[in-house]
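> Structure for the following, please:
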Amino acid sequence: MFADPKVGELEAWVESTVDGKRLNEYRVEHRPRKSNRNYPSTVCYLKTVDQSFAIKMKKSASLVSGAKGWRTKCYIDGRGLHETQWKGDKPKVFNRIMETENGLLYSSAMSFAPLNTTDDENRVDIDEETLKRLGTIEIILQYGEWTRTHQMKGMNTTSLLDCTVHEKSKKMGYTVKTSDRQPIQDYVCHSVRFKPHRDGEYFYRFVFHYLPRAVLTHIKIIEDPEEKRIVLQAAAILKRRQQTHSLADKNSKQKQCPLNAIAEEEPKKRKLSPELSESHKVGVKEQPGQPNRRRCEKPAHKGYQRARKTTRQF
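Next up is the predicted model:
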């Protein structure tokens, strides 16, 4: 999802490391800064997949003129991954985390997994504050200046949240667990220190609320195709019934009022027969028992008319 355009060219997303496809985002919302010590943010819902995933960010090289360095922080279910520098305009990637076990260092992929649940109150091992941050991926971006301090051996490691919630909890959903664990060798690296700029300490934040499709459908974040089909079908049936009832009511009213029937029959009586209608069109006067004769278009001669009148007197 993109940040608020007022900030500049900045984007964050989650994608599968198997096929490289971005995970579907729903209800993307930009939220302005509430105070000077608060991040402007972009928030959305994310549909989980049964594959390992990576968290990525992208920005333009000229996002903030004069910025000497960028720091990215990533939190999963409230647990922070290692802080990293972000140089240039290349995408920033969080695809594996570092874990330690029995003194050995491992690199592990991240995958979505169902929460551990129980109906026994004594086995619940999560507090209310941590419960609020379950099912979230949070990315924080700051700009300022990095300085080297000294060399050190060892890498920053992370332990993701492993907890059990009550099965009646409203926070039912998924969490993130590690997979594909691979041992790696520790090495010497430089320790660095970050000093945020006065305007860069609270620059921007992205928040993903990740849930499986079934839960997103249940809370009406996404539509169920089958449910939508049933609703449309029911609406079509209701519309047909309303049209049928309306027509039945109209016919009933016409039968109850005889004047309506007379008003409808009167124009039918006034209609001429097809033969008579044709004769009127061509100006033919119909005579019984004789073929139709065409009327003379010009009046008869006056002498002829006087002759006819004289004959009638006799």
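
> Flag the shaky bits of the stretch 201-314 of the chain, pLDDT-wise.
The stretch 201-314 of the chain contains residues with pLDDT under 70 at 225-234, 245, 247-314.

> if we go to 80?
Residue ranges of the stretch 201-314 of the chain with pLDDT under 80: 224-314.

> so where do the helices sit in the stretch 51-200 of the chain?
128-132 (DSSP state H, counting those that start in this stretch).

> ranges for the strands of it?
Using DSSP state E, counting those that start in this stretch, the strands of the stretch 51-200 of the chain run over 52-59, 69-76, 79-80, 84-86, 92-94, 96-101, 104-114, 116-118, 136-153, 164-166, 174-184, 188-196.

> So if we follow the domain assignment, how does this protein break up?
Using automatic domain parsing, the domains assigned to the chain come out as 10-222, 223-265.

> and residue 1, which of those domains is closest to it?
domain 10-222 (4.8 Å; Cβ to Cβ). Quick note: C-beta positions are derived from backbone N, CA and C, even for glycine.

> So for that closest one, first residue to last residue, what's the gap.
Using Cα to Cα, to the nearest Å, one end of domain 10-222 lies 26 Å from the other.

> As JSON lines, the strands of the stretch 51-200 of the chain with mean neighbour count would be great.
Listed next are these as JSON lines, based on neighbours: other Cβ atoms under 10 Å:
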{"stretch": "strand 52-59", "mean neighbour count": "20"}
{"stretch": "strand 69-76", "mean neighbour count": "20"}
{"stretch": "strand 79-80", "mean neighbour count": "14"}
{"stretch": "strand 84-86", "mean neighbour count": "15"}
{"stretch": "strand 92-94", "mean neighbour count": "18"}
{"stretch": "strand 96-101", "mean neighbour count": "17"}
{"stretch": "strand 104-114", "mean neighbour count": "17"}
{"stretch": "strand 116-118", "mean neighbour count": "14"}
{"stretch": "strand 136-153", "mean neighbour count": "15"}
{"stretch": "strand 164-166", "mean neighbour count": "18"}
{"stretch": "strand 174-184", "mean neighbour count": "15"}
{"stretch": "strand 188-196", "mean neighbour count": "12"}
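
> Out of those strands, the one nearest residue 15 is which?
Evaluated over those, closeness to residue 15 peaks at strand 52-59, with 5.8 Å, by Cβ to Cβ.

> What strands flank that closest one, and is each parallel or antiparallel?
As defined by DSSP bridges, the strand partners of strand 52-59 come to strand 10-16 (antiparallel), strand 92-94 (antiparallel), strand 104-114 (antiparallel).

> what does the longest one contact?
Contact partners of strand 104-114, identified using Cβ atoms under 8 Å, 6 or more residues apart in numbering, comprise 17, 48-54, 76, 95-100, 155, 157, 160, 174-186, 210, 212.

> Now do the same contact list for the nearest residue to residue 100 once chain neighbours are set aside.
Nearest residue to residue 100, sequence neighbours excluded (Cβ to Cβ, 6 or more residues apart in numbering): residue 157, at 4.9 Å. Listed by Cβ under 8 Å, 6+ apart, the contact partners of residue 157 are 82, 97, 98, 99, 100, 105.
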